[in-house]
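>>> predicted model and sequence below, questions to follow.
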Amino acid sequence: MEEFGFHRMQDIQRELQENYKDMWTHLSPEKGRDSLLWMMIEAGEAADVIKKKKDERIMGSPEVRKHFIEELCDVMMYFNDVMLCYSITPEELEKVYLEKHRRNMERWR
């Protein structure tokens with residue numbers, strides 16, 4: 001089974017973009033700005049599930065949990081669109097992510 005990581009997510013997003021190329025605007029920094037805003041809206045929808053359904057139902061109800069995960073998937077889809085629009089590779093993300101992690105590990109000592 002293929003690993004499900006940013007490479008796979010970006011391939012999926014490229015496939016989606018290609019499927020709707022006649023309806024959607026092409027990948028560009030301008031579209032990246034819009035995608036970032038949509039990502040924030042989707043994050044708000046995930047937060048809304050937490051607010052309305054509470055932690056216990058997310059952890060205990062398969063239907064609520066699936067809905068919550070779907071909202072997180074929407075966030076990740078827009079996040080990957082932003083990366084594609086700004087030509088950010090998974091390798092670039094990994095490098096900066098790990099650098100940030102190292103700084104955070106020392107930040108509050």
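Looks like it arrived, so ask away.
>>> check the offset of stretch 17-27 from the chain's centre.
Chain-centre distance of stretch 17-27: 19 Å, with C-alpha atoms, centre = their mean, to the nearest Å.
>>> span of that stretch from start to end?
8 Å (C-alpha to C-alpha, to the nearest Å).
>>> remind me which residues of this protein are low pLDDT?
1-2 (pLDDT under 70).
>>> where along it do the helices fall?
In the chain, the segments counted as helices under DSSP state H are 6-19, 29-60, 62-85, 90-107.
>>> count of neighbours near residue 6?
A count of nearby residues for residue 6, using other C-beta atoms under 10 Å, gives 19. From N, CA and C alone the C-beta is placed, and that goes for glycine too.
>>> wait, it sits on residue 93?
Yes - between residue 6 and residue 93 a contact is recorded at 6.3 Å, counting by C-beta atoms under 8 Å.
>>> contacting residues for the residue most central in space within the chain?
In the chain, the centroid-proximal residue (C-alpha atoms, centre = their mean) is residue 76; its distance is 1.5 Å. When contacts are counted by C-beta atoms under 8 Å, 6 or more residues apart in numbering, residue 76 touches residue 9.
>>> what residues are shared contacts of residue 6 and residue 93?
Counting by C-beta under 8 Å, 6+ apart, the shared contacts of residue 6 and residue 93 are residue 83.
>>> what sits closest to residue 85 if chain neighbours are left out?
Leaving aside its sequence neighbours, residue 85 sits nearest to residue 32 (C-beta to C-beta, 6 or more residues apart in numbering; 3.1 Å).
>>> what's the burial count for the one you found?
A count of nearby residues for residue 32, using other C-beta under 10 Å, gives 19.
>>> and residue 35, by the same measure?
Around residue 35 there are 22 other residues, counting by other C-beta under 10 Å.
>>> and what of residue 74?
Residue 74 - counted by other C-beta under 10 Å - has 17 other residues nearby.
>>> residues touching it, list them.
By C-beta under 8 Å, 6+ apart, the residues touching residue 74 are 42, 45, 46.
>>> repeat that for residue 61.
Residue 61 is in contact with residue 53, counting by C-beta under 8 Å, 6+ apart.
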